[in-house]
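Trainee: Curious how this folds, go ahead:
(chains A and B)
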Amino acid sequence: MNKWHNPYRPVRTQVLDSVVETPRIKTLRLRPEEPIVFEAGQFVELTLPGFGEAPFTPSSRPSTHDELFLTVMKVGKVTDAVHRLEKGDTVGLRGPLGKGYPIESFKGREVLVVGGGCGFAPLRSLMYALMERSEDFKKLIFRGGCRTPADMVYREELASWAEREDLDIKLTVDVGDPSWKGHVGTVTTLLDGAGLDSADGIAIVCGPPTMMKFVTAQLVKMGFADDNIYLSMERNMSCGIGKCGHCRLGIYYVCKDGPVFPYGKVKGFPDLWA
Amino acid sequence: MGQGMEQRLTIEASGLDGLFAVLEERGFTVVGPTVREGAIVYDRLASPADLPRGITDEQDGGVYRLKKRDDDALFGYVVGPQSWKRFLDPPVKRLWRAERDGSDFRIVPEEVPREAFAFLGVRSCEIHAMEIQDRVYIDGEFKDPGYEARRRSALIIAVQCTVAGGTCFCVSMNTGPKSESGFDLALIEVVDTERHVFVIEAGSPRGREILEALETRPSEASELAEAENRIADAAARMGRTFDAEGVHDLLTQNLEHPRWAEVAGRCLSCANCTMVCPTCFCSTVEDVTDVSGDHAERWQKQDSCFTMDFSQLHGGIVRSSTRSRYRQWLTHKLATWIDQFGVSGCTGCGRCITWCPVAIDLTEEVAAIRANPPDAVEPHRRGKP
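Mentor: Next up, the predicted model:
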């Protein structure tokens, strides 16, 4: 976003497509009138005039500049309206907002990405960015968990990732069904004895607060340094530019200073996992 | 003039009419204190006759009432429930409107406001409050265009405090009672049986230009002495004191102190403190449409961290207890505000104490935490997620 523009003005954006992922999740393919070039980890505010605005981290490839994808779970007024959008509709976008993952600093190290449920969406753009330069890392590992197989977004794409030589991927569900042939159990059970480089490795965690809390506790126990664990903090990000006050977490505004934080920077703040 | 010290000049109280005329000539809308519904509020003023003449305010925790003075002072009170943020950052404002055309729409951002205010009667703590809000709205990576336009055009006419209120503690916060900078003009009211005058000085080229257009005379030594005496007297009569030393660490290291639960037992979570605070800036947005749905508008409204909705996420509410909300507010105001903006968020104006319906007094709350030994639980909790 051009900082000199009115930061509250959404950019008119065309809906190119709307794809059903799960009964509660859809992915929109969007083309903003003015390009929105984001880094993995940054987010945008999606406006539906008359309904309101909500923050989303794009689920598409950061290196693709003329289109972006938002994967949206139906949870309230704005997202209900998002689910009714069709090809050819117009929405508004503000962004990119916040800070991206410091991928450059991950060079030469083992990178472990842990996703839970709806956390898969923002992690997909990160995974694209990491896989585009996977030779830069000692190892690239993805561990993902969902409640049930039906809740798992991008299931076919994840299956294709399993074919990749440059990625070590394991998935799990809390509760299986006949379609599921894989591991059953919480995502933390995929971290045990995985031979991870906890001394120098980077861990990236994104998912519901309870999942992040337990995964973080386990990563700390495994020996990961607090500052090497990157958490995607979720707060009520409204203005996205550090002016409305809603998302304050300790000395930060999650929107402006995050939403990704090294655990060491937010540890001890009140209501961290609330 | 122009040789070191700014020369001090005096205008008669009757000369305020001339000041209004000069301000109007220059296109300013004069805003200042006036009595409304039993309180001194800030609003558009037509003439000095709208100022609260011969009135003072009695303030204490949960107490505010106007009383008659035994003189005709025009500024013989301290601060009321409102602050200038009402004009610089209106509590309800439109951000943009959208016109629908089939499946398409056009967004028309709100124009940058053109009205230039002359704020008359700005107190030292309030100048500090504006400078604190500047850091939020203008100094960051993103600027709020409406605030910036209003702030840059506003003319600040300070009035030095010659009385102190029952909940004032600007001396403790180093924000008053005398304005040293940040104004275009500053007035000191001197009123007694023989005279009713204002000692006036300019603090900017804009102020100097206005001052030159006024009917003034060089101040008499006795006027100057009396003016300084009155400010010193106000400084000596602060209704509250606050030990600001080390308050950042005191609060951030006592997040589990029992006092938070104790104050939460009294706090109504009514949000009054945040509404009257001259630096609190939180806002929310709401979209509205007409019946056809072809016309939508986004409105920004003042919000408060004391409401339940404030921290709502799709998964639930982050701060569902009054304890966590009071702690969120006070630790921000007095501690993490410093990390974020380089200054405390408190100016010592005392409004949050006066307008709290149950008289919660942040100076007392901090003193209570300070009086008890630091929480022994917290350091152990900190290492664990």
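
Trainee: Would the strand or helix carrying A:Gly92 count as contacting chain B?
Mentor: Element membership of A:Gly92, judged by DSSP states H and E, is strand A:90-97. Yes. Using Cβ under 8 Å from any Cβ of the partner chain, strand A:90-97 reaches chain B at A:90, A:92. The C-beta positions use only the backbone N, C-alpha and C, and glycine is treated the same way.

Trainee: helices and strands around that strand, which ones?
Mentor: Contact partners of strand A:90-97 among helices and strands, from 3 or more Cβ pairs under 8 Å, 6 or more residues apart in numbering or on different chains; DSSP states H and E: strand A:11-22, strand A:25-32, strand A:43-48, strand A:52-56, strand B:104-109.

Trainee: wait, which of the ones you listed is closest to B:Glu297?
Mentor: strand B:104-109 (9.7 Å; Cβ to Cβ).

Trainee: residues near B:Pro113, how many?
Mentor: Counted with other Cβ atoms under 10 Å in any protein chain shown, residues neighbouring B:Pro113 total 16.

Trainee: Contact partners for it?
Mentor: Residues in contact with B:Pro113, defined by Cβ atoms under 8 Å, 6 or more residues apart in numbering or on different chains, are B:146, B:149-150.

Trainee: Chain A contacts on the stretch 201-350 of chain B?
Mentor: Counting by Cβ under 8 Å from any Cβ, the stretch 201-350 of chain B sits next to chain A at B:255, B:281-289, B:293, B:296, B:298, B:300, B:303, B:305, B:310-316, B:318-319, B:324, B:327-328, B:331-332, B:336, B:339-340.

Trainee: Is there a quick ChimeraX command that grabs whichever of those are buried?
Mentor: Burial among those is assessed by 16 or more other Cβ atoms under 10 Å in any protein chain shown; the matching ChimeraX selection reads:
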select /B:255,281,282,283,284,285,287,296,298,300,303,305,310,311,312,313,318,319,324,327,328,331,332,336,340
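
Trainee: Mind checking which of the residues of the stretch 201-350 of chain B next to chain A are in helices?
Mentor: When DSSP state H defines the helices, the subset of those inside them is B:324, B:327-328, B:331, B:339-340.

Trainee: mind putting those in a markdown table, pLDDT included?
Mentor: Formatted as a markdown table, these follow (pLDDT from 0 to 100):
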| residue | pLDDT |
| --- | --- |
| B:Ser324 | 95 |
| B:Arg327 | 96 |
| B:Gln328 | 95 |
| B:Thr331 | 97 |
| B:Asp339 | 96 |
| B:Gln340 | 96 |
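
Trainee: Show me which of those is closest to chain A.
Mentor: Nearest to chain A among these is B:Asp339, at 3.8 Å by Cβ to the nearest Cβ.

Trainee: Let me see the contact set for the residue nearest to the closest one when sequence neighbours are not counted.
Mentor: Nearest residue to B:Asp339 in three dimensions, chain neighbours excluded: A:Ile251, at 3.8 Å (Cβ to Cβ, 6 or more residues apart in numbering or on different chains). Shown in contact with A:Ile251 (Cβ under 8 Å, 6+ apart): B:336, B:339-340.

Trainee: what do you get for A:Asp136?
Mentor: Neighbours of A:Asp136 in contact, by Cβ under 8 Å, 6+ apart: A:106-108.

Trainee: Produce a PyMOL select command limited to the buried residues of the residues you listed.
Mentor: Restricted to buried positions by 16+ other Cβ under 10 Å, the PyMOL selection for these reads:
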select buried, chain A and resi 106
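
Trainee: Count the neighbours of residue 109 for me.
Mentor: Here I'm looking at chain A. Burial measure for A:Arg109: 16 neighbouring residues, criterion other Cβ under 10 Å.

Trainee: wait, chain B
Mentor: B:Pro109: 16 neighbours (other Cβ under 10 Å).

Trainee: That one contacts A:Tyr8, doesn't it?
Mentor: Yes. Contact criterion Cβ atoms under 8 Å: B:Pro109 and A:Tyr8 qualify, at 7.1 Å.

Trainee: which residues are common contacts for the two?
Mentor: B:95-96.

Trainee: so what's A:Glu234 closest to, chain neighbours aside?
Mentor: In space, A:Glu234 is closest to B:Leu313, 6.2 Å off (Cβ to Cβ, 6+ apart).

Trainee: close enough to count as contact, the one you found and A:Arg235?
Mentor: Yes. Judged on Cβ under 8 Å, B:Leu313 makes contact with A:Arg235 at a distance of 7.1 Å.

Trainee: Pipe the contacts of B:Pro113 into CSV and attach secondary structure and distance to chain A per row.
Mentor: CSV is the format used below for the contacts of B:Pro113 (DSSP: H, G, I helix; E, B strand; the rest coil; distance: Cβ to the nearest Cβ, whole Å):
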residue, secondary structure, distance to chain A
B:Gly146, helix, 9
B:Ala149, helix, 11
B:Arg150, helix, 15
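
Trainee: ok, back up a step: the residue nearest to A:Glu234: what's it in contact with?
Mentor: Counting by Cβ under 8 Å, 6+ apart, B:Leu313 touches A:234-236.

Trainee: Show me what the lengthiest helix in chain A is packed against.
Mentor: If you go by DSSP H, chain A has its longest helix at helix A:209-222. Helices and strands touching helix A:209-222, by 3+ Cβ pairs under 8 Å, 6+ apart, are strand A:110-116, strand A:202-206, strand A:229-232.

Trainee: let's go with 6 Å and repeat that
Mentor: Secondary-structure packing of helix A:209-222 (3 or more Cβ pairs under 6 Å, 6 or more residues apart in numbering or on different chains; DSSP states H and E): strand A:202-206.

Trainee: Touching the strand it packs on from outside, list them.
Mentor: A:106, A:109, A:111-115, A:119, A:122-123, A:212, A:215, A:219, A:224, A:228-232 (Cβ atoms under 6 Å, 6 or more residues apart in numbering or on different chains).

Trainee: Who does that strand pair with, and is each partner parallel or antiparallel?
Mentor: As defined by DSSP bridges, the strand partners of strand A:202-206 come to strand A:110-116 (parallel), strand A:229-232 (parallel).

Trainee: Redo those strands as TSV? Include mean neighbour count and mean pLDDT.
Mentor: Listed next are those as TSV, based on neighbours: other Cβ atoms under 10 Å in any protein chain shown; pLDDT from 0 to 100:
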stretch	mean neighbour count	mean pLDDT
strand A:110-116	25	96
strand A:229-232	24	97
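
Trainee: Need the ones you listed in TSV (columns: distance to B:Ser14).
Mentor: As requested, these are exported to TSV (distance: least, Cβ to Cβ, whole Å):
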stretch	distance to B:Ser14
strand A:110-116	73
strand A:229-232	65
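
Trainee: Chain neighbours aside, what residue packs nearest to A:Arg9?
Mentor: In this structure, A:Arg9 finds its nearest non-sequential neighbour in B:Pro109, 4.6 Å apart by Cβ to Cβ, 6+ apart.

Trainee: show me the contacts for the one you found.
Mentor: With Cβ under 6 Å, 6+ apart, B:Pro109 has these contacts: A:6, A:9, B:96.

Trainee: Contacts only, for the most centrally placed residue in chain A.
Mentor: Nearest residue to the geometric centre of chain A (Cα atoms, centre = their mean): A:Pro122, 2.1 Å. Contact partners of A:Pro122, counting by Cβ under 6 Å, 6+ apart, are A:57, A:206.
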